[in-house]
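1. Just a sequence and a predicted model for now, questions to come.
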There are 2 protein chains.
Amino acid sequence: MEIDFRKGDGLIPVIVQDASTNEVLMMAYMNQEAWKETVRTKKACFWSRSRGKLWLKGETSGHFQEVKEMFLDCDGDTLLLKVDQKGGAACHTGYRSCFHQRYEEEGWKVFGKKIFDPREVYGT
Amino acid sequence: MEIDFRKGDGLIPVIVQDASTNEVLMMAYMNQEAWKETVRTKKACFWSRSRGKLWLKGETSGHFQEVKEMFLDCDGDTLLLKVDQKGGAACHTGYRSCFHQRYEEEGWKVFGKKIFDPREVYGT
């Protein structure tokens, strides 16, 4: 079995999960180069679609993701990473998980609390 | 906040997680119609990219996914569903999770065991 980068025009979706709690932290994309960097360094490295370049997660915030285990799905086109999230939060907004909006009858409500203040971490 | 279906040409990736264990079971895609069906029926409904039509998960196998909670990520372009997986396995190959191949130095190795025999469930 090989990773199939063709379906997504060279990119595959990557689910990132907390290795100890199994909480889903975020989803991002890798190209082949990001995958090789991740294997080499054991730190999660993605392809930033908005910036059009390799994105070592944590390069600005210091909140790296140490990769503990990696899984490929049955048809080879999606990855799952189990990581140790440095700094306690994966989301650039300061929440632990990017999935912090919960669907309720009235719409999406914020769920969870901020771990860090993005103004302090990113200085913006 | 609204789901942003535009980035993926009308489709958004959907991560499906076991509501009780937090195990990631699979990833699939929804269009707006699949999303509305999921909200209406509280059973996971996707858009099958290969078949080009709505796909009520479990319609063939009987292994429906009862949706317990739904989360949207920070930029509104990925969904996370927490489900009760009927039949005990989400993967059409009979494994509990589609992510049953683990990366090891020699390559991808099967990890986990089959819950059902796909020949019995799908009759193929």
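-> Received it, and whenever you're ready, just let me know what you need. None of the values given here were measured: they were computed from a predicted structure.
2. what does the longest helix along chain A contact?
-> In chain A, with assignment by DSSP state H, the single longest helix is helix A:32-41. Helix A:32-41 is contacted from outside by A:3, A:5, A:10, A:30, A:44-47, A:54-56, A:67, A:70, A:79, A:81, B:103, using C-beta atoms under 8 Å, 6 or more residues apart in numbering or on different chains. Backbone N, C-alpha and C define where each C-beta goes, glycine included.
3. try 6 Å
-> Helix A:32-41 is contacted from outside by A:Phe5, A:Ala44, A:Cys45, A:Phe46, A:Trp47, A:Leu54, using C-beta atoms under 6 Å, 6 or more residues apart in numbering or on different chains.
4. from memory A:Val83 sits against A:Gln65, does it?
-> Yes - counting by C-beta atoms under 6 Å, A:Val83 does reach A:Gln65; the two are 4.0 Å apart.
5. Same drill for those two, tell me which one is more crowded.
-> Set A:Val83 next to A:Gln65 and count neighbours by other C-beta atoms under 10 Å in any protein chain shown: A:Gln65 wins out with 27 against 24.
6. Mind jotting down where the helices sit in chain A?
-> For chain A, helices defined by DSSP H occupy the ranges A:32-41, A:118-122.
7. Can you get me the start-to-end distance on stretch A:54-65?
-> In stretch A:54-65, first residue to last residue: 15 Å (C-alpha to C-alpha, to the nearest Å).
8. I meant stretch A:49-67, not that one.
-> Stretch A:49-67 has an end-to-end distance of 21 Å (C-alpha to C-alpha).
9. which of the contacts of helix A:32-41 count as buried?
-> Among those, the ones that count as buried by 16 or more other C-beta atoms under 10 Å in any protein chain shown are A:Phe5, A:Ala44, A:Cys45, A:Phe46, A:Trp47.
10. And the furthest pair within those residues?
-> By the measure C-beta to C-beta, A:Phe5 and A:Ala44 form the most distant pair in the buried ones among the contacts of helix A:32-41, at 17.0 Å.
11. possible to save the helices of chain A as a markdown table with mean neighbour count and mean pLDDT?
-> A markdown table is the format used below for the helices of chain A (neighbours: other C-beta atoms under 10 Å in any protein chain shown; pLDDT from 0 to 100):
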| stretch | mean neighbour count | mean pLDDT |
| --- | --- | --- |
| helix A:32-41 | 16 | 97 |
| helix A:118-122 | 13 | 82 |
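12. Distance to B:Gly87 added to those helices, as TSV?
-> As requested, the helices of chain A are exported to TSV (distance: least, C-beta to C-beta, whole Å):
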stretch	distance to B:Gly87
helix A:32-41	33
helix A:118-122	42
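13. Kindly report the residues of chain A close to chain B.
-> A:1, A:13, A:15, A:22, A:24, A:27, A:70-74, A:78, A:80, A:91, A:93, A:98-99, A:101-103, A:108 (C-beta under 6 Å from any C-beta of the partner chain).
14. Out of these, which sit inside strands?
-> Judged by DSSP state E, the residues of chain A next to chain B include A:Pro13, A:Ile15, A:Val24, A:Met27, A:Met70, A:Phe71, A:Leu72, A:Leu80, A:Gln101, A:Arg102, A:Tyr103, A:Trp108 as members of strands.
15. Name the nearest residue to A:Thr93, sequence neighbours excluded.
-> Nearest residue to A:Thr93, sequence neighbours excluded (C-beta to C-beta, 6 or more residues apart in numbering or on different chains): B:Cys74, at 5.3 Å.
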